[in-house]
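Student: Let's see this in three dimensions:
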Amino acid sequence: MALSIKPIGDRVVVEAAPAEEKTASGLYIPDTAKEKPSQGIVVAIGSGKPEEPLTVNVGDKVLYGKYAGTEITYEGKEYLIMRESDIYAVL
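Tutor: Down below sits the predicted model:
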């Protein structure tokens, strides 16, 4: 997927994973009780800082903080723009 958003510096664009619809036992979770997802797929990366190149790549599945990044809607899809330092791990 070619995303035409180009983040600046050490920022990355992440497409968040969908929120869970059902519990493990099969109960449906209402919209008001759903938690924000904390993992997603990196869809675009910036150029990094000259002294610190980025360590994540496009297509990496990452784990990030619950309130990390800024939510944006682009061409009908939800994305998060965040600094690479907000990413905790690559899965």
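Student: Run through the residues that contact the residue sitting nearest the centre point of the chain.
Tutor: Nearest to the mean C-alpha position of the chain, counting by Cα atoms, centre = their mean, stands Val14 at 3.0 Å. By Cβ atoms under 8 Å, 6 or more residues apart in numbering, the residues touching Val14 are 40-43, 62, 64, 69, 79-82. Glycine gets a C-beta too; all of them are placed from N, C-alpha and C.
Student: what about 7 Å?
Tutor: 40-43, 62, 64, 69, 79-80, 82 (Cβ atoms under 7 Å, 6 or more residues apart in numbering).
Student: in the protein, which segments are predicted with low confidence?
Tutor: Counting by pLDDT under 70, the chain has low-confidence residues at 1-2, 19-20, 29, 31-35.
Student: ranges for the helices of it?
Tutor: Assigned helices in the chain: none (criterion: DSSP state H).
Student: Tell me which residue of it is furthest from the middle?
Tutor: Ser25 (27.2 Å).
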